[in-house]
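Novice: Need coordinates for the below:
(3 chains)
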Amino acid sequence: MNNFAIEVSGLRKSFKGQAALNGLDLNVPAGSISGFLGRNGAGKTTTIKILMGILKADAGSAFVFGLPITPGANLIDIHRRIGFVTEEKELYPTMTVEQIIRFTRPFFPKWRDDLEQRYMRMFDLPARKKIPDLSKGMRSKLMLLLAIARGAELLILDEPTDGLDPVAVEDVLREIVSLSAAEGITVFFSSHQLEEVEQIADRISIIDRGRCIVSGSLDDLKARYQRLNIVLREEPRSPVQWLDGAEYVRQEGRTVSILASRNVTALAEQARSLPGAQVEAYPVTLKEIFLDHVRGN
Amino acid sequence: MLFRVNHSSGVPLYVQLVEQVKHGIEMGAVRAGEQLPTIRKLAEDLVMNPNTVARAYRELESAGIIEVKHGAGAFVSQSIAGPTKVFRKAEGIVQAAIERLASFGLSDEEIRRLVENALAVLRAGISQENRNE
Amino acid sequence: MLVMKSWLEIRWRILMVLAFNVLEVSIPYNANGGFRAAPPDPGRAAGAMMLVVSFLWLFAASVLAGAGIRSQSPLQAKKGLHGSTYFTLSLPVSRFRLLAVRAGLGLLGVLSIVVISGVLFWNFFPLIRTNSMPSDFFKWVFTGSCWVSGVYALSVLLATTLDEIGQMFGTLIAILVLRLATLRFPLPSSFDIFNIVGGASPLVTHTLPWPIISVSLGLTLLLFLIAGKVVQTLEY
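Specialist: Here you go, the predicted structure:
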């Protein structure tokens, strides 16, 4: 199936002259669990808000379920198919837990009573407690309940595990994975917790300064990327022109560390051609891929 | 069935899972003809992406190690031999090598690092000509 | 369900305005034991009473105007945007409908207060009734409902972008500016709203001031439509 739940092309958005999005491209295949990574201020929440029609892009295009997100477009049908968890996890201060569930339910004809009850029990949500009296973790869980129980095809989650203890985090990740397996739901989530993304995402996109700098299948990225650690007999007199594929090179005296995205064999040979070179290759974690890319960008 | 994957390792998860299944067969934990967990169950138990599990199963299937019967689930191929002679031999080699490295006074971490490095080098197809000394 | 949300946000405010109502009635009623006796200038006193009631209606209009499609907290005025607005905006509901339900419920609240306070004053201050007939009461309440709707619509429009304090100040200042303008450039008497709430009220003239009524209703509709448009183009 070659359809995308989310397709973004050339998205631009500025606030008071400052560019938040600088030509962002993004594709989220239907049925995938896609992680959206980036530093604070890189443009993650802006992108999500544009997808939800809360902000309007200055330029570029965005499609959800193949339908255009444009100013003035009828987003009602689209919203009926999306579950959304916001960054701040704020809900109505006038309502209790059960009131907001009762409020949200009628908007969604595909509401899943079974999932509602399952999460009320699993998350141990106090039905009669007022929302402002809930802890941040409780509010995260409540938002997740509201997003998932509505029977959505696509979940857009901004920091879904914010405020949750490790047990709750594992519960949430398991539920996401289970929903993906059982119902084929597409999940698009942004997170600072790289380990969590690494655990359940099959695709990732890294955004930095308003542009997507890395994107693709997580497994493929991990297979392609290697770290080459090189120790030389002496510091090279002139800078080495590394071959294509050497993404980020750090040199300190006699040691060189290269994050290679491809062409690893050729790079290793190039390294070996330097006098007294010892070359070691390592697989790379998502954290390394992320840090090197955003620091070096 | 006890599979474990390391989410923070640089090794892709589907590769780890393929290795785990092969290892399970070689250890005799999974026998020929036995059923493997469904993709959904394995994804939930290990809390990992179901597409990744599916990919591992596809690799295993194309390697002839498992057979996926539509609607019935995934089964270890009948033609799979149990703990193989190759595996037993390999076990012996590794055991001897580890003991020897330990006798050099290397720590566990150092030994592990050497092994990982050798694997990565092998995977990257780099030939071991580093000793320019 | 939107009605439920709007009601939860508005109910304490309605209660507060009603409480002010009762307070406003009780003070002159008790302090001036001699209120039942005719004061030297009944017309003037009646006019002053009208003004007092009108202020109450104005206050109600501003307090109950809501915050556009943003969420309101139960009583205290919150500065800026409440985060739950993002949740609201993710629901499959048009922004116009969000505004319309809240504005509609608020309008019902305002009109209820106009009627209730009208009844209270009519009942407890026979002075007002001295020159008036019962039909004048209905004319007075109807006229009041019309011009207060205009003020309310202005408050609703301001509330789409300003926070609660800003909106209340905005409403007040708008009326003040209008008042100062009419002092400088007097309006023809049939359009002089400031006179109609006081001495030229239906209670005295026994007639419905149609010019004011039609202008008020026209403005109400126009301001509501503008508010609807604003809410659709706003970014959060």
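
Novice: Distance from the lowest-mean-pLDDT helix or strand in chain C to the middle of the chain?
Specialist: Least confident helix or strand of chain C, by mean pLDDT, DSSP states H and E, is helix C:126-129 with a mean of 70. Mean C-alpha position of helix C:126-129 versus that of the full chain (C-alpha atoms, centre = their mean, to the nearest Å) differs by 23 Å.

Novice: same check, this time on stretch B:110-125
Specialist: 15 Å.

Novice: buried residues in that stretch?
Specialist: Going by neighbour count (16 or more other C-beta atoms under 10 Å in any protein chain shown), the buried part of stretch B:110-125 is B:116, B:120-121, B:124. (Glycine included, C-beta is placed from N, CA and C.)

Novice: any idea how far residue A:256 lies from residue A:264?
Specialist: Between residue A:256 and residue A:264 the computed distance is 14 Å (C-beta to C-beta, to the nearest Å).

Novice: Oops, could you answer that again for residue A:213 instead?
Specialist: In terms of C-beta to C-beta, residue A:213 sits 20 Å off from residue A:264.

Novice: More neighbours: which of these two?
Specialist: residue A:264 (24 against 16; other C-beta atoms under 10 Å in any protein chain shown).

Novice: Just the pLDDT for that one.
Specialist: On the pLDDT scale, residue A:264 is placed at 87.

Novice: Which residue is it, in the stretch 1-150 of chain A, that comes closest to chain B?
Specialist: Ranked by C-beta to the nearest C-beta, the top residue of the stretch 1-150 of chain A for proximity to chain B is residue A:33, at 5.4 Å.

Novice: Show me the strands in chain C, by range?
Specialist: Secondary structure of chain C (DSSP state E): no strands located.

Novice: one step back: quick check: phi and psi at the closest residue to the residue of the stretch 1-150 of chain A closest to chain B other than its chain neighbours.
Specialist: Closest residue to residue A:33 apart from its sequence neighbours, by C-beta to C-beta, 6 or more residues apart in numbering or on different chains: residue A:187 at 4.5 Å. For residue A:187, the backbone dihedrals (degrees, to the nearest 10) come out as phi -120, psi 130.

Novice: Contacts only, for residue A:187.
Specialist: Applying C-beta atoms under 8 Å, 6 or more residues apart in numbering or on different chains to residue A:187 gives the contacts A:32-34, A:154-155, A:157, A:176, A:179-180.

Novice: Buried subset of the residues you listed, written for PyMOL?
Specialist: A single PyMOL command selects the buried members of the contacts of residue A:187 (16+ other C-beta under 10 Å):
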select buried, chain A and resi 32+33+34+154+155+157+176+179+180
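
Novice: Show only the entries of the contacts of residue A:187 found in helices.
Specialist: A:176, A:179-180 (DSSP state H).

Novice: With chain C as the reference, measure out to the residue nearest to residue A:33.
Specialist: 16 Å (C-beta to the nearest C-beta, to the nearest Å).

Novice: Grab the most central residue of chain B for me.
Specialist: residue B:19 (1.7 Å; C-alpha atoms, centre = their mean).

Novice: mind checking pLDDT for that residue?
Specialist: 91.

Novice: just residue A:169 next, same as before
Specialist: For residue A:169, the predicted pLDDT is 95.

Novice: just residue A:200 next, same as before
Specialist: Reported pLDDT for residue A:200: 94.

Novice: Spit out the contact partners of it.
Specialist: So residue A:200 contacts A:33, A:173, A:176-177, B:47-49 (C-beta under 8 Å, 6+ apart).

Novice: now swap in residue C:153 and tell me
Specialist: With C-beta under 8 Å, 6+ apart, residue C:153 has these contacts: C:219-224, C:227.

Novice: now, among those residues, which is nearest to residue A:167?
Specialist: The nearest member of these to residue A:167, counting by C-beta to C-beta, is residue C:227 at 47.0 Å.

Novice: What are the neighbouring residues in contact with whichever residue of the stretch 151-297 of chain A sits closest to chain C?
Specialist: Closest approach of the stretch 151-297 of chain A to chain C (C-beta to the nearest C-beta) occurs at residue A:156, with a separation of 8.4 Å. By C-beta under 8 Å, 6+ apart, residue A:156 lies in contact with A:48, A:51-52, A:82-85, A:188-189.

Novice: redo that, cut-off 10 Å
Specialist: Counting by C-beta atoms under 10 Å, 6 or more residues apart in numbering or on different chains, residue A:156 touches A:5-6, A:28, A:36, A:47-48, A:51-52, A:64, A:82-86, A:147, A:186-190, C:90.

Novice: Find me the pLDDT at it, would you?
Specialist: The model's pLDDT for residue A:156 equals 97.

Novice: now the helices: where do they sit in the chain?
Specialist: Here I'm looking at chain A. A:44-51, A:76-79, A:97-104, A:113-123, A:136-148, A:166-183, A:194-200, A:218-224, A:264-272, A:286-296.

Novice: wait, chain B
Specialist: Assigned by DSSP H, chain B shows helices spanning B:13-27, B:39-46, B:50-62, B:85-103, B:108-124.

Novice: Distance to residue A:161 added to these, as TSV?
Specialist: Conversion of those to TSV gives the following (distance: least, C-beta to C-beta, whole Å):
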stretch	distance to residue A:161
helix B:13-27	19
helix B:39-46	17
helix B:50-62	19
helix B:85-103	39
helix B:108-124	30
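
Novice: May I see those helices organised as a markdown table, with distance to chain C added?
Specialist: Formatted as a markdown table, the helices of chain B follow (distance: least, C-beta to the nearest C-beta, whole Å):
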| stretch | distance to chain C |
| --- | --- |
| helix B:13-27 | 32 |
| helix B:39-46 | 27 |
| helix B:50-62 | 26 |
| helix B:85-103 | 54 |
| helix B:108-124 | 45 |
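
Novice: Indicate which one of the ones you listed is closest to residue A:273.
Specialist: That would be helix B:108-124 among the helices of chain B, by C-beta to C-beta, at 16.3 Å.

Novice: of the contacts of residue C:153, closest to chain A?
Specialist: Nearest to chain A among the contacts of residue C:153, with distances taken as C-beta to the nearest C-beta, is residue C:227, at 17.0 Å.

Novice: For the closest residue to the closest one other than its chain neighbours, give me its contacts.
Specialist: Setting aside the residues directly before and after it, residue C:227 is nearest to residue C:157 in space (C-beta to C-beta, 6+ apart), at 4.2 Å. Neighbour list for residue C:157: C:65, C:68, C:103, C:167, C:170-171, C:222-231 [criterion: C-beta under 10 Å, 6+ apart].

Novice: quick one: contacts for residue 56?
Specialist: No chain was given, so I picked chain A. So residue A:56 contacts A:13, A:49-50, A:69-72, C:233-235 (C-beta under 10 Å, 6+ apart).

Novice: try chain B instead
Specialist: Residue B:56 touches A:219, B:3, B:5, B:12-21, B:39, B:42, B:48, B:66, counting by C-beta under 10 Å, 6+ apart.

Novice: Then residue A:132?
Specialist: A:90-95, A:139, C:73-74.

Novice: how does it look with 7 Å?
Specialist: Shown in contact with residue A:132 (C-beta atoms under 7 Å, 6 or more residues apart in numbering or on different chains): residue A:93.

Novice: Show me the domain layout of chain B.
Specialist: B:13-76, B:85-124 (automatic domain parsing).

Novice: mind listing what the closest residue to residue A:207 other than its chain neighbours touches?
Specialist: The shortest distance from residue A:207 to any residue other than its chain neighbours is 3.9 Å, reached at residue A:38 (C-beta to C-beta, 6+ apart). Applying C-beta under 7 Å, 6+ apart, we find residue A:38 in contact with A:44, A:206-208.

Novice: go on, residue B:38?
Specialist: Going by C-beta under 7 Å, 6+ apart, the list of residues near residue B:38 reads residue B:73.

Novice: Which pLDDT does the model give it?
Specialist: pLDDT, read off for residue B:38, is 91.

Novice: can you check the one 5 residues further on too?
Specialist: For residue B:43, the model assigns a pLDDT of 93.

Novice: The one 3 residues further on too?
Specialist: At residue B:46 the predicted local distance difference test score is 91.
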